[in-house]
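Student: structure for this input, please:
(one chain, ligands or ions: 1)
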Amino acid sequence: MKNTGKLAVLGSINADHILSLAQFPRPGETVLGTQYQVAFGGKGANQAVAAGRSGADVSFIACVGEDNIGGHIRQQLAKDHINVAPVEVVAGESTGVALIFVNAEGENSIAIHAGANAALTPAIVEKHQQTIVDAAVLLMQLESPLDSVLAAAKIARQHQTRVVLNPAPATSLSDELLALVDMITPNETEAEILTGVRITSDEDAAHAASVLHEKGIASVLITLGHRGVWLSENGDGQRIAGFKVKAVDTIAAGDTFNGALITALLEDKPMDQAVRFAHAAAAIAVTRPGAQPSVPWRDEIDSFLLQQE
Ligand code: RIB
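Tutor: Numbering: from 1, shown residues only. Below you'll find the model as predicted:
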């Protein structure tokens, strides 16, 4: 890994409209919600916020619409210690929107309108390529156009910037893109779509990881919900358990894990310690409602970890 200590995140920004309810509506059914909130989200923004609040030197390549909420989100991202110079305001577009139901178990169901996120074209990636060149790590997800994700990965590979891909939301990906990825962090569903391996045990996770290694990815972290993470480095695998907490809302738990993980790796923490740090950040996030409102700051993560010793 290059030693610049910098992180570039490329990804989405959404305004999350979150409705809490007892249970998800079935097709044709109308249900009454118990609580409604608009909060800042988007997988890219959530991961950038998790990195910024946990202590990384992070720049964010993204797009907002030419609307009030886009302006507010951009200001908030700057307060979260993120360089927002590469966040473009797209004329005539609206900021991305996510419509989210949260049930009584804290599970969620999400539908997205891409809005300005769809305007993050390869041309915009090229415009901000110096941000990728200057970074030690490029962190991406899949709420941005796939050709832009590929273009950014190519720039990163040419300049020895490590490519970390959180392949969410789940979709199949080309071998060309996967071969440019140094570290991948799917959940079980995403891993199944990428590998064809259904994961119900550690052995399955090891098998899925081996398929991803064969595609050229050195580090594979498969998140397993309450069972923790399957970490496989060049085929050497282990499960690292998470922390037990009472979850009220799991929105952005994975995003918080990813952002905090990269902060720890940029601080040269060994991989197992970095995963523990990321588990702690995600554990705090699930005890709070919303996406970015739930993401912890560094002092909160450090205190949480101290309490576990
Ligand atoms: O990962 C959670 C995020 O997914 C939400 O903030 C929502 O915006 C969707 O992008």
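Student: what about the spatially closest residue to Val133 that is not a sequence neighbour, how many residues nearby?
Tutor: The shortest distance from Val133 to any non-neighbouring residue, by CB to CB, 6 or more residues apart in numbering, is to His159 (4.5 Å). The way it works is simple: take the backbone N, C-alpha and C, and place the C-beta from them, glycine included. A total of 15 residues lie near His159 under the criterion other CB atoms under 10 Å.
Student: quick check: His159 touching Ile132?
Tutor: Yes: judged on CB atoms under 8 Å, His159 makes contact with Ile132 at a distance of 7.0 Å.
Student: I'd say Arg239 and Ser232 touch.
Tutor: No: look at Arg239 against Ser232 with CB under 8 Å: they stay out of range, at 9.9 Å.
Student: between these two, what contacts are shared?
Tutor: Common neighbours of Arg239 and Ser232 (criterion: CB atoms under 8 Å, 6 or more residues apart in numbering): Ala205.
Student: between the two, which is the more surrounded one?
Tutor: The neighbour count for Arg239 versus Ser232, taken as other CB under 10 Å, is higher for Ser232 (23 against 15).
Student: could you tell me how many residues sit around whichever residue of the stretch 1-150 of the chain sits closest to the ligand?
Tutor: Closest approach of the stretch 1-150 of the chain to the ligand (CB to the nearest ligand atom) occurs at Gly41, with a separation of 2.4 Å. When counting by other CB under 10 Å, one arrives at 31 neighbours for Gly41.
Student: next: Asn68.
Tutor: Neighbouring residues of Asn68 were enumerated by other CB under 10 Å; the total is 9.
Student: how close does it get to Arg74?
Tutor: In this structure, Asn68 lies at 11 Å from Arg74, with CB to CB, to the nearest Å as the measure.
Student: list the contacts for Leu231?
Tutor: Contact analysis of Leu231 by CB under 8 Å, 6+ apart lists 219-221, 237-240, 271-272, 275.
Student: backbone phi and psi for it, please?
Tutor: Taking degrees, to the nearest 10, you get phi -110, psi 120 for the backbone angles of Leu231.
Student: okay, it and Ser219: tell me how far apart.
Tutor: To Ser219, Leu231 is 8 Å away according to CB to CB.
Student: overlap in contacts of the two?
Tutor: For the pair Leu231 and Ser219, residues contacting each of them under the criterion CB under 8 Å, 6+ apart are Met271.
Student: since that was my last question, I'll sign off now.
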